[in-house]
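Engineer: Any chance you can model this:
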Amino acid sequence: MNVLYKNNIYICSQIYLIKYLNNIFFYLLNLMNSSQGLLENLRKVISLVDQLRDIGLNDYIKLPRIVVLGIQSAGKSSLLEQIVGIDFLPRGSGVVTRRPLELRLQNVPKTTQTETTGEFIHEIKGKKFTNFAEVKQQIIALTDKVCGNSKNIVDQPIILQIQGPNCPDLTLVDLPGITRIAVGDQPKNIEEITTSMAKRYCEDPSTIILCAVAANADMTTSDALLMAKRLDPNGDRTIGVLTKIDIMDQGTDALSMLKGKEVPLKYGYVGVKLRSQQDINDNTSVADAIKKEKNYFANHPVYSSIPGEIFGSQVLTKKLTMILYKHIRSFLPQLMSEINGRVRKIEKRLNDMGPGLPYEDSDKLHYIWQLIHEFSVRYKNSISGSYEKSKLNNLSLPPAGAKIRIQFQELYDDYLDPNFKCLKKRKDEDIIQVIQKYQAQAIPGFLPVDAFYALLDPELKKLSSPAVQCVDETYAILEEYAHKILEAQLKQLPAIQQLLKEQVLNVLQDCKKRALDSVNESLEAELNYIFTNDSNYLAGKQYTKFGDQAKDNQQNNKGDPMVNELKNKIEHFFKLVVRTIRDNIPKLIGYFLVKGVQTQMLLQLQQNLMKNPQFLKELSEPPQVVEERKKLNREVETFKNAQKLIKRDPDLSEYILKVAEEEGVQIEKPDKSKATIKPKIQEKTDVPQEQEPPKKPNDPTPTKLNQQPQQDQKVTQQPQQQQQQQGQGSGRTQQNTQVNQPLGKAPQGQQGPLQTGQKQTLTQQYNSQVDKSVASALQNDQVKAQMGAAGGAAAKAALANQVPGAPDWALNAAEKAGQQAATSDAANKAIQEQVSQQLKVDDQPVQKPPAKKGLFGFIQNKDQ
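Structural biologist: The predicted model follows:
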């Protein structure tokens, strides 16, 4: 019985190990597919930023990049060569890097390109180098071409694109090393030059700083690390590289530096062993140097025992690639938003500035003709009050016609009072004297006509001043609106604006003169020719307002009758004149001035334009305006090209839009490479599931993928169906509940046997022993080794199958991940639960399920 029992445990453990490794295999298959997609996305975003930099966007918006920062002779050149995998950088004494070198590395599959090529995409377009000794010479030649043969340093980057099957997808900028003392013919202020350039590149928040620090010196005194900490105080965008780790003093190591105990950084440190000068003299290839580096760390008495990926240039390359990818990916929505905002702002400014001015006289004439026509239309609309959807007409003022009409309505308003008397200030004695003065030739009993004229004429002359004032005020309103429209329309053309103002004023003054002449003539007619057909006046009735019924004249019996009659006649006639000119004067002003300006403005300006060649001479913009327009046009063209580049890829566009919909909140998509996959267990039962213990920081156990392969679903479906069938009986459900509770603790709402003092039943004791036995069996070192070996082999095979020609470091990483996943706590727990569940028995009989074989046919159902 004991042997059979152990055999069952062993068989079940192997079965579920196979099942779990099968899950891992398909998970790794998905992981490789997603990794392959990740590589494609990585190429997309890094290539996108390089293209945006090529079209000049970096001149206006700083783009993400990795900048290599280090002091002179810190090993930056050797570090870059081991990242690229090729010997291509010049070497020498003093400052060798005198121009920043922008390296654009692109991984190309072997099926597309078998050998690595280099191209200077800006300075030597179209020529690809396969001999990297030539690339080295070209770097020297391009440096001397710009910097001269001296040791001058110029901030004009050399852009070198390297493509090949062994290249990573990465973009780095190598800066001249920080140098304290000038040597030979180097500039005396070499420290200031190198430091200011490094600061200029690294102070941008979108820049990742790759700080190279020599491990054989005190890192707290490193100039490069000191500058990095100043520009990035929290170390949020700095990754450290410890070079020369192999030439540290005997008995010392770099563990404290690598762990960030001295100077902590967000991305930590990576230790590398680079080619020494002797290796270079011996023509040791970069590939051999990388192998020596691996052997060095693998066999080092201290470093070989340190877990985690913190050693080796290949580890650094992988880390840099992922850092840059995530950095760019999080930056893209912000970049697109900023580009859109800048385009709107520039287009608004260009619209305000208007189009550029022509050069040919014929084009200039046509342009001025258009300006005059546009001004005339807007001026006419501003007078009439017509709606025009133009910001140049939005003067925050009511229409000129409305203001003019208010002036007309208020004309002679003081004379409309019914109690107004034009002869109010004249006493009866004064009027008698006037009558007596002109009585000599009058018929006795009749009023003298000259007395009528003598008293009326001074009062009529008083009507001239309000009329002239109305003309002046109307003219002032028209002139004000003309000036405002011209200033808004020709703000960028002050000379043309001034010339047009003069011409407009001439037209206004001509129209004003005609209006004023007509008004004066009308007043002179009223003054010098006394006549009326008013029936009330002729009948001797009192003056009434228009619309009132006339009444008989009831004269005041007090005073001299002739005086009263003369006063009544004069008052009545004066009011008739006021009523007449109060209608006529606005008509005259409106016709000759207001309407005259609207009808004659365009014609007069066009005629004056043909007679005045000064317009053509003055039609030129100030130099600063021309430069501003050119600059804005270049910017908006760059931004629109950037929009096209970003929108060209639907995946990137979809991602940017998704983040934009979240109102600026940065949301990262789930990283499928970090999801945990667990064997599916009983999902539709009443059995409470135990909460998974927290995962250890270094536990690479994958989480459950959102979509598993079809084969994986089939494998996991069998235990689910079997458990659902087994859980149909009430006894089984109760027993399962007890199994999932800690020993001695009853489920909620029940009393456990140990709590009540009762002894465990034989079944409970058996099930408890099953848990212990299975757990003990799975802790066997041999079983663990088999599980780890199987998981590593499955992962490595999956990668090799899905990614033909995958590099060794990727295969080794996949094997290591598979081993860790197969021996993780989650895997152990899942297998233990499944095996124990199959071996346990119930306290009471359960309903017989349909006859069915056990898992894979190894175990028969007990009741079959």
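Engineer: What strand or helix carries the residue most central in space within the chain?
Structural biologist: By Cα atoms, centre = their mean, the chain has its centre lying nearest to S337, at 2.0 Å. Assessed by DSSP states H and E, S337 sits inside helix 313-353.
Engineer: chain center to that helix: distance?
Structural biologist: Relative to the chain's own centre, helix 313-353 is displaced by 7 Å; criterion: Cα atoms, centre = their mean, to the nearest Å.
Engineer: Also stretch 769-783?
Structural biologist: Using Cα atoms, centre = their mean, the offset of stretch 769-783 from its chain centre is 57 Å.
Engineer: Could you do stretch 203-223 as well?
Structural biologist: Worked out by Cα atoms, centre = their mean, stretch 203-223 lies 30 Å from the chain centre.
Engineer: Going by neighbour count, list what's buried in that stretch.
Structural biologist: 204, 206-215, 219, 222-223 (16 or more other Cβ atoms under 10 Å). (Glycine included, C-beta is placed from N, CA and C.)
Engineer: and the two most separated of those residues?
Structural biologist: S206 and A215 (28.8 Å; Cβ to Cβ).
Engineer: can the buried residues of stretch 203-223 go into JSON lines with extra columns for distance to V315?
Structural biologist: JSON lines is the format used below for the buried residues of stretch 203-223 (distance: Cβ to Cβ, whole Å):
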{"residue": "D204", "distance to V315": "26"}
{"residue": "S206", "distance to V315": "24"}
{"residue": "T207", "distance to V315": "22"}
{"residue": "I208", "distance to V315": "16"}
{"residue": "I209", "distance to V315": "18"}
{"residue": "L210", "distance to V315": "14"}
{"residue": "C211", "distance to V315": "16"}
{"residue": "A212", "distance to V315": "15"}
{"residue": "V213", "distance to V315": "17"}
{"residue": "A214", "distance to V315": "19"}
{"residue": "A215", "distance to V315": "16"}
{"residue": "M219", "distance to V315": "19"}
{"residue": "S222", "distance to V315": "21"}
{"residue": "D223", "distance to V315": "26"}
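Engineer: so of those residues, which ones are in strands?
Structural biologist: 207-214 (DSSP state E).
Engineer: Quickly name whichever of the residues you listed is closest to I383.
Structural biologist: Nearest to I383 out of these is T207 (Cβ to Cβ; 59.3 Å).
Engineer: Tell me the confidence at the closest one?
Structural biologist: At T207, the model reports a pLDDT of 90.
Engineer: What's opposite it in the beta bridge?
Structural biologist: R65 (DSSP bridges).
Engineer: My guess is T195 contacts M227. True?
Structural biologist: Yes - if you go by Cβ atoms under 8 Å, T195 and M227 touch, sitting 7.2 Å apart.
Engineer: Which one of the two is surrounded by more residues?
Structural biologist: Between T195 and M227, M227 has the larger neighbour count (other Cβ atoms under 10 Å), namely 20 against 16.
Engineer: what residues are up against the more buried one?
Structural biologist: The contact partners of M227, by Cβ atoms under 8 Å, 6 or more residues apart in numbering, come to 69, 178, 195, 198-199, 202.
Engineer: and it, what element?
Structural biologist: helix 223-231.
Engineer: Just the mean pLDDT for that helix, thanks.
Structural biologist: pLDDT averaged over helix 223-231 gives 89.
Engineer: quick one, that helix and strand 207-214 angle?
Structural biologist: 150 degrees (axes from the mean of the first three to the mean of the last three Cα atoms, to 10 degrees).
Engineer: Following the chain past helix 223-231, name the next helix or strand.
Structural biologist: As assigned by DSSP H and E, the chain's next helix or strand after helix 223-231 is strand 238-243.
Engineer: State the number of residues packed around the closest residue to Y481 other than its chain neighbours.
Structural biologist: Using Cβ to Cβ, 6 or more residues apart in numbering and skipping residues adjacent in sequence, the residue nearest Y481 is A400, 4.6 Å away. Residues within reach of A400, counting by other Cβ under 10 Å, total 26.
Engineer: Quick check: pLDDT value at A400.
Structural biologist: On the pLDDT scale, A400 gets 85.
Engineer: Quick check: it vs Q469, distance?
Structural biologist: 18 Å (Cβ to Cβ, to the nearest Å).
Engineer: One more: L103?
Structural biologist: Distance from L103 to Q469, by Cβ to Cβ: 81 Å.
Engineer: Tell me which residues are up against stretch 121-130.
Structural biologist: 54, 104, 115-120, 135, 138, 142, 158-161.
Engineer: ok, back up a step: for the helix holding M227, what is the distance to the chain centroid?
Structural biologist: For helix 223-231, the distance to the chain centre is 29 Å (Cα atoms, centre = their mean).
Engineer: tell me which residues of that helix are tucked away?
Structural biologist: 223-225, 227-229, 231.
Engineer: Specify the angle between the helix holding S337 and strand 238-243 in degrees.
Structural biologist: Using the same axes, to 10 degrees: helix 313-353 against strand 238-243 is 140 degrees.
Engineer: what's the span of stretch 124-132, first residue to last?
Structural biologist: This stretch, stretch 124-132, spans 15 Å end to end (Cα to Cα, to the nearest Å).
Engineer: Pretty sure K364 sits against L371.
Structural biologist: No - with contact defined as Cβ under 8 Å, K364 does not reach L371; the gap is 10.4 Å.
Engineer: more neighbours, these two?
Structural biologist: Comparing K364 with L371 by other Cβ under 10 Å, the one with more neighbours is L371, at 22 against 18.
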